[in-house]
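Novice: With the input below, show me the fold.
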Amino acid sequence: MSCERVIIIGGGISGLCSALILQKIGINVKVFEQEDAPCTSETGMILGGNALKALDYIGVGDRIRKTAISSNNCTILSESGKTIVDFSYHSRHDFSNFLFILHQDFYKILADSLDSETLHYAKKLVHFKQSKHNIQLSFLDGTTIETDYLIACDGCYSFIRSQLSSSNIAISNQTYWQGLLEVDEDISDLGYSETWGPRGRFGIAPMPNKKLYWYAVKNSDGKKDPYEKWASLDLLFNFFSYHEPIQLILEKVKDENIIRKELVELKPLQQYLYGRVLLLGDSAHIVPSHLGQGASQAIEDAMYLAMCMKSGKPFHESLIKYERQRLIRTKTVSTEMKRLQSIAQIDKPALCSIRNHFLKLVPASFHENKLKGLLDIQLIG
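Specialist: Okay, here's the model as predicted:
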């Protein structure tokens, strides 16, 4: 067992996955989360096949599969419901391309898989100071603790990153709504799809327990969010000209069940490792969540970290190796997802028609190769 002590700040996806994999290889790790209780977010998650491979490596893949739905296809539709493109790829490793799971179920599986006394709530970090040999941490409740290494998994608004780097988040000029619905006969047997049109993007994904996950994205002008007070009726009017069952879905949505947020961006960092502090997950990179890659890259981080740790090199050298590999991989994925995002969010009617026509002409092999690059994880030497 490694003698290094590791503290993870942040009990979200990246924090729990990292803790699980570090415990698996015998490292003494604790997770401190600022919230008072476990996550109870009533929403859905879309993960790529790369995340499932990583979850297998972490050791929870089978449990995740039992509580999830999988598919190999994501269909992109026009506002009239005509197919623009099918994102599909048949992996030689026999993994599903996409996995759909309820956020609460996913979080519970991760948290329950940790050793007892690993995860601690109501621990908000307010100060840290690193020296050549260790790091001193101070929390809002007045407690202090010493550790050998600190892993920052405290999200896109990372306090730790703000103390180490001048790279700040920026509003991406896009507003995002999401929610869950009970499936009935009007909206049953729906696959994973996104509709791209001049009035925004609308996504649908099947979820376990007869639920359906929906999300909508609209461009804004970068000033004060013009959709700040939008409710279900506003969304219904906005997407009224879109194909069924989008209207049916929005008619069933209740205002209190809508989760709304402004999407953010982070200028790519040139490093993830700062002395004894490692940035991981959204603290290090914010990847647009197309094709499930937002959460998937955070899960990938944990797997890469473990693979580097198992190389037999000293702990710090393993972190350096991890940083080198993840900088390359996350930059590649982020670039691809931003390119896809810019295409998906076109909202001028004439340009939408041109885009749709062009995408229909692109060979299926092109999209398959793009998916292969996303979903087939390879460790760079």
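
Novice: any weak-confidence spans in the stretch 1-150 of the chain?
Specialist: 1-2, 91-94 (pLDDT under 70).

Novice: list the contacts for the most centrally placed residue in the chain?
Specialist: Taking CA atoms, centre = their mean, the centroid of the chain lies closest to Ala295, which sits 1.8 Å from it. For Ala295, the contact set (CB atoms under 8 Å, 6 or more residues apart in numbering) comprises 13, 45-47, 51, 289. All C-beta spots, glycine's among them, are computed from the backbone N, C-alpha and C.

Novice: where's whichever strand or helix holds it relative to the chain centroid, distance-wise?
Specialist: Element membership for Ala295 (DSSP states H and E) is helix 293-309. In terms of CA atoms, centre = their mean, to the nearest Å, the centre of helix 293-309 is found 11 Å from the chain centre.

Novice: give the contact list for His243.
Specialist: 77, 79-81, 195.

Novice: Compute the number of surrounding residues for the closest residue in space to Glu42 that isn't next to it in sequence.
Specialist: Nearest non-adjacent residue to Glu42, counting by CB to CB, 6 or more residues apart in numbering: Leu180, 5.8 Å away. By the measure other CB atoms under 10 Å, the count of residues near Leu180 is 20.

Novice: what residues are up against Leu180?
Specialist: By CB under 8 Å, 6+ apart, the contact set of Leu180 is 42-44, 102, 207, 211-214, 257.

Novice: same deal with Tyr157?
Specialist: With contacts defined as CB under 8 Å, 6+ apart, the neighbours of Tyr157 are Ile169.

Novice: Report whether it is found in a strand, as I expect.
Specialist: No. Using DSSP: H, G, I helix; E, B strand; the rest coil, the assignment for Tyr157 is coil, not a strand.

Novice: Would you state the predicted confidence (pLDDT) at it?
Specialist: Tyr157 is assigned 92 on the pLDDT scale.

Novice: Same question for the one 5 residues further on.
Specialist: According to the prediction, Ser162 has pLDDT 94.

Novice: nearest spatial neighbour of it, skipping sequence neighbours?
Specialist: Nearest non-adjacent residue to Ser162 (CB to CB, 6+ apart): Asn168, at 7.4 Å.

Novice: Isn't the one you found up against Cys156?
Specialist: No. Between Asn168 and Cys156 there is no contact under CB atoms under 8 Å: 10.5 Å.

Novice: Overlap of the contact sets of these two?
Specialist: Here Asn168 and Cys156 have Leu266 as joint contacts, going by CB under 8 Å, 6+ apart.

Novice: Of those two, which one has the most company?
Specialist: Cys156 (15 against 11).

Novice: still on that earlier bit, residues touching the residue nearest to Ser162, list them.
Specialist: 162, 266-267.

Novice: out of the contacts of His243, which are buried?
Specialist: 77, 79, 195 (16 or more other CB atoms under 10 Å).

Novice: what's the burial count for the nearest residue to Met309 once chain neighbours are set aside?
Specialist: Using CB to CB, 6+ apart and skipping residues adjacent in sequence, the residue nearest Met309 is Ser318, 4.9 Å away. Neighbours of Ser318 under the rule other CB under 10 Å: 19.

Novice: Helices of the stretch 101-250 of the chain, residue ranges please.
Specialist: Along the stretch 101-250 of the chain, counting by DSSP state H, counting those that start in this stretch, helices occupy 103-113, 159-164, 232-238, 246-252.

Novice: buried stuff in the second one?
Specialist: Think helix 159-164. 159-161, 164.

Novice: got it, and the third one?
Specialist: Buried residues in helix 232-238, defined by neighbour count with 16+ other CB under 10 Å: 232, 235, 238.

Novice: next one: phi and psi at Gly275?
Specialist: The phi/psi pair for Gly275 (degrees, to the nearest 10) reads phi 70, psi -110.

Novice: separation between Cys3 and Phe32?
Specialist: Cys3 sits 21 Å away from Phe32, taking CB to CB, to the nearest Å as the criterion.
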